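In: Build me a model from this:
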Amino acid sequence: MSRLNLFVIGFCLATALYSSCNKPDNDDKKTDVYVAGWESNTQGVYVAVLWKNGIPQYLTDGTVSAWAMSVFVSGNDVYVVGENPSNTVVLWKNGELQYLTDGEKAFSGCGSVFVSGNDVYVAGYDG
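Out: All right, here's what the predicted structure looks like:
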């Protein structure tokens, strides 16, 4: 093995060791995990749910079925899109409900929400 190869290998190992020894302690950082979905209540009605760190936050009251399909967190705001059987697509921003469709079409649904600055984008269909 040439001296250049040994130097490169040695330099790489030294860099890797130095990097691993000087990593900041990430034990104090907390990462929140959000999951959008639904669960069935005792009457068999689907309830839209947002889980934050495993703790459920019920978005609907369970009188009619509803599904939470996607979640996006932007700063301190949490956006969830979902749908219900009356063909309406809804958006919850920090738990407050907004209707995105009027239910007049035969089929409406959503799949994803994305936020960029003050713009909220929802992928779905209404037709």
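
In: can you give me the helices for the protein?
Out: Taking DSSP state H, the helices of the chain run over residues 3-21.

In: Point out where it drops to low pLDDT.
Out: 1-27 (pLDDT under 70).

In: where along it do the strands fall?
Out: Applying DSSP state E to the chain gives strands spanning 34-40, 46-52, 55-58, 67-74, 77-84, 88-93, 96-99, 108-116, 119-126.

In: which outside residues touch the last one?
Out: So the one you mean is strand 119-126. Strand 119-126 is contacted from outside by 79, 81, 89, 91, 93, 100-101, 105, 107-115, using Cβ atoms under 8 Å, 6 or more residues apart in numbering. The C-beta positions use only the backbone N, C-alpha and C, and glycine is treated the same way.

In: One more pass at 7 Å, please.
Out: With contacts defined as Cβ atoms under 7 Å, 6 or more residues apart in numbering, strand 119-126 is touched by 79, 81, 89, 91, 100-101, 105, 107-114.

In: before we move on, back to that, adding mean neighbour count and distance to D28, write the strands of the chain out as CSV.
Out: Shown next, in CSV, are the strands of the chain (neighbours: other Cβ atoms under 10 Å; distance: least, Cβ to Cβ, whole Å):
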stretch, mean neighbour count, distance to D28
strand 34-40, 16, 21
strand 46-52, 20, 19
strand 55-58, 13, 21
strand 67-74, 19, 20
strand 77-84, 22, 23
strand 88-93, 20, 30
strand 96-99, 11, 32
strand 108-116, 16, 27
strand 119-126, 14, 32
